Structures are given as structure tokens and as C-alpha cells.
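Quick one: sequence plus predicted model below, questions after.
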Amino acid sequence: MTDFAPRLRPLEAFPVQHEGRRVLALRDPAGYTDAIVLLPRVLLEIVSLFDGEHSIADIQAAIMRQHGELVSRERITEIADALDEQGFLDSPHFAERRAAIDHAFLEAPTRPAAHGGGAYPLDPSEIHAFFDGFFAPPEGPGPVDGSGPGRPRVAGIIAPHIDFHRGRSAYAWAYRDLAERSDADLFVIFGTSHTGMAHPFALTLKAYESPLGQVPVDREFTNALAKRARQDCFGSEGAHRKEHSIEFQAVFLRYLFAGRREIAIVPILASFAHEALVGGRRVDDDPRIPRLLEALGETIAASGRRVALIAGADLAHVGPRFGDPEPVSPAELARLGGEDRAMLEAVEAGDAEAFFDRVARDGDRRRICGLSPIYALLRALGGTRGTLRRYAQWPDPEGVVTFASVVFDAT
């Protein structure tokens, strides 16, 4: 590896403390490697030049100009080789790794519980107690008690996709209404694709595994939707392999309805709204987005199924962990809450365009990671108004995440 320009793959980078030193951690959000690489400051400048534009000689020259020090070709090559071995470089070695992993996933009959055993228990005897705790007051809304009959039917919800340990009661505040006031047996779940995709939407026909049994996909509905949408809905199917934003909803649904009702899902990963924002475009400038959302309405109407919609979506991501220069102060946390609540007014109004405009107003400074699934849900619900049940922040100064529970009643 001496006559090439090393290029890092798209990675998540965040500062951490390690053995009393502040270092930069690199992680692969796409899950092609489970390794986490810690870069001390002395290596950071070298690795920052692994952009595919700088050859080994170029990197040597850049370090020499900056520090008057010659870093040997062997040392730079050694660093590149180590990163490549772990799957962090965009290289022929990584292409082989990715092809093998993608092939294994696409050939598998089901979608494994990728985050089971970490984000939630895999032991069926533990899972009910685990989720039951989310409903416990004072943070939770109280247990599902069957008080729904006679109240409006729930058409859809926005629930978090933050890890269960941090999102606990916010999940319960969204799903309690769904459990008590929805007769749906089919749930269309929009999830964030955290790694981005080549296509705006990704469907899969694979049942989602869970500790309480498989959560089946309605294959007839999903295939009909793909046909009506007139686009490649399965070209980015591999994005489902490690993505948690739908997995967490599927597991929670299985918990809610196990032994009560047979259910199925239609899992739809979405990645289009940030792309429109960065490009200075409106969402509908890409005709594939309205086409799929219109096709969804047509497919629901033709199916005869009792359907509810779910968006697995978090809100703001701010702080050094997400690229900001300074930790989040209490004053900034309060301001963040005010901005989030102003944005959620558009969500409660059921206005997808106003929601998008709220985020676009400051160039998505807060990094709203549920932008695509929330937009899709609002459009699919056709202006149905919602009610904010819960707004919460995980207030780690190094990386604040905010999230909300919103319930949409059928009109």
C-alpha cells in the first residue's frame, strides 16, 4: 500500500476519554465492522488526510509543512493497513468484506435481532418485565388498561428510536395509546436509515426476529406497494441489516400484542429529506418520494387491512459527539428544548412541509435524525393532527439527543 491515496469510509467520529487522554473514536454506523478505533492526537492529523486525494507522499509533505517533521512512508502505510484490516478504508479489501456480508444478509430467510442481547434482553422470560417497566409512573403513563373503547382510533404514532435504556417512558407514552385505541393488525413502520442509502426508500420482505418470535412482513402488501410506487424499492434492502430504528419498533409491537393479536409489519427505511435539504431542494423535487407515499395510500385502501402508521424517529443531536466544538451548556439545553417544541408544533398540526421548513430554517443545525420518517408519516396521514404526549432530552453535555412521543387520532 505505497502508491495509493488511502480513503476512509463514511464513519462516525466522536471524542472520548481513554486512559486520561481525550482521543477520537471511529465507529462504522453501517455495521460492516464492530471494531472501534481510538485515534490519539498524534495520529489524527495523518488520518484526516486519508481522503482519497492525498497520496502517501502528499501526506508526508503536508505533515512536513505543518510540523517540520518527516513521517516515514512505512509509518503511514502501517496506519493505513491497520485501518484497512479493521474495515475502515474504502478499499478492495473492504469491498470483499461488504459483498460477503451483504450476500449473507440477502440470502438469509429472516432479518436477525441485530441489537438483541445489548439494547434489550434476548431471554423471553425477561422481555416482559423489561418493557413493563417503561410504563411505570411517575415517568411512564401507567400500564395498558383497556380504557380505549369509545375514544378516537389511533391512526399513527411517532415513537423514539433512541436506545431503550434512555428512551424508556417515551416509548410507553406513544405505544400505550396505540395498544388501547388501535384495532390495527398491520403496522407500516418508517425508520431512519442512519447510514444513508442509494434510494429514498428501502423495503424488505424478511420477517424481523424478536425474543418473542418473528414479526412477519405482509409480503402481499409490500409487493403491491413496490409495484404501485414504480421504482426500485429493494435496491437498498441491505440497509435493514443493522439499522435499529425499525427493529426497536418491531420488538415493542411484538411485546405489546403477543398473545393478544396476530400482527404484521411493512418496514420502510427512509433517507431523502436531508438530501433535499443539503441540495437546496424541496422533497417533492424527487418524484420517487410522492410516488411511494401516494402508492402507500392506494395500497392501504385496496388491502382491506386495519392499518396504523409508525415513525421510529429521534429529534436533535448536538454536542461534541456529533461534531459541535463545545459541550452543551444548561442554557443551550433550554434553548434546544424551545426550538424542538416550536418544530413539534408543525408536527402536531400534521403539516409535513411546515415541519421540513422548520428544520431547513437553520440548515438543520440540530441534526434532526428523524427528518425523513416523520415527514413521510405526516404526508401519509394526509394532514391528520397529532398530540404531543412526551418530549424528553438525554442531557449528556458531550452528546445530547432529544426525542418525542406524538399520537395521531383518526379523523
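Ah, there it is. Numbering: from 1, shown residues only.

secondary structure class for the closest residue to V37 other than its chain neighbours?
Sequence neighbours aside, L26 is the residue nearest to V37 in space, at 4.4 Å (criterion: C-beta to C-beta, 6 or more residues apart in numbering). No exception for glycine: its C-beta is placed from N, CA and C like everyone else's. Under DSSP: H, G, I helix; E, B strand; the rest coil, L26 falls in the strand class.

how about L26, what does it touch?
By C-beta atoms under 8 Å, 6 or more residues apart in numbering, L26 lies in contact with 8, 11-13, 36-39, 88.

mind checking how far it is from I59?
Counting by C-beta to C-beta, to the nearest Å, the separation of L26 from I59 is 17 Å.

do S271 as well
In this view, S271 and I59 are 32 Å apart by C-beta to C-beta.

again with V188
48 Å.

So what does G142 look like in phi/psi?
Backbone torsions of G142, given as degrees, to the nearest 10, read phi 90, psi 160.

Contact partners for it?
Residues near G142 by C-beta under 8 Å, 6+ apart: 135-136, 176.

List only buried entries from those.
Among the contacts of G142, those scoring as buried are 135, 176 (criterion: 16 or more other C-beta atoms under 10 Å).

Just put the contacts of G142 in a markdown table and tack on pLDDT, distance to R153 and secondary structure.
Putting the contacts of G142 into a markdown table (pLDDT from 0 to 100; distance: C-beta to C-beta, whole Å; DSSP: H, G, I helix; E, B strand; the rest coil) gives the following:
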| residue | pLDDT | distance to R153 | secondary structure |
| --- | --- | --- | --- |
| F135 | 97 | 21 | helix |
| A136 | 96 | 26 | coil |
| R176 | 96 | 15 | helix |
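
re the thing from before, out of the contacts of L26, which are buried?
Buried residues within the contacts of L26, defined by neighbour count using 16+ other C-beta under 10 Å: 8, 12-13, 37, 39, 88.

tell me the two of those residues that are most distant?
Based on C-beta to C-beta, the longest span within those runs between E12 and L39 and measures 12.8 Å.

Quick test: name the residue nearest the centre of this protein.
In the chain, the centroid-proximal residue (C-alpha atoms, centre = their mean) is T192; its distance is 3.6 Å.

Is it correct that that one is in contact with I268?
No - if you go by C-beta atoms under 8 Å, T192 and I268 don't touch, sitting 10.9 Å apart.

what about stretch 17-35, average pLDDT?
The pLDDT scores in stretch 17-35 average 88.

Same question for stretch 257-267.
Per-residue pLDDT values over stretch 257-267 give a mean of 93.

same check, this time on stretch 106-119
Rounded mean pLDDT across stretch 106-119 is 96.

Please renumber the chain so that the first residue is 55 from this point on.
All right, first residue 55 from here; so that's stretch 160-173.

What is the distance between it and the centre of its chain?
Averaging C-alpha positions (C-alpha atoms, centre = their mean, to the nearest Å) puts stretch 160-173 16 Å from its chain's average.

first vs last residue of it, how far apart are they?
Terminal residues of stretch 160-173 lie 24 Å apart, using C-alpha to C-alpha, to the nearest Å.

which one of the contacts of L80 is nearest R315?
E66 (37.7 Å).

all strands for the stretch 305-454 of the chain, in order.
Using DSSP state E, counting those that start in this stretch, the strands of the stretch 305-454 of the chain run over 318-324, 361-366, 371-372, 440-448, 454-463.

What of the stretch 105-254 of the chain?
164-165, 208-213, 240-246.

Which SSE is immediately downstream of the longest one?
Translated: strand 240-246. As assigned by DSSP states H and E, the chain's next helix or strand after strand 240-246 is strand 255-257.

now for that following strand, which elements pack on it?
Other elements packing on strand 255-257 under the criterion 3 or more C-beta pairs under 8 Å, 6 or more residues apart in numbering; DSSP states H and E are helix 273-283, strand 318-324, helix 342-357.

by contact count, what packs against the next helix or strand after that strand?
Moving toward the C-terminus from strand 255-257, the first helix or strand encountered (DSSP H and E) is strand 261-262. With contacts taken as 3+ C-beta pairs under 8 Å, 6+ apart, strand 261-262 sits against strand 164-165, helix 298-311.

Got the phi and psi for the residue nearest to R439 when sequence neighbours are not counted?
Nearest residue to R439 in three dimensions, chain neighbours excluded: G404, at 4.9 Å (C-beta to C-beta, 6+ apart). Here the main-chain torsion angles of G404 (degrees, to the nearest 10) amount to phi 70, psi 20.
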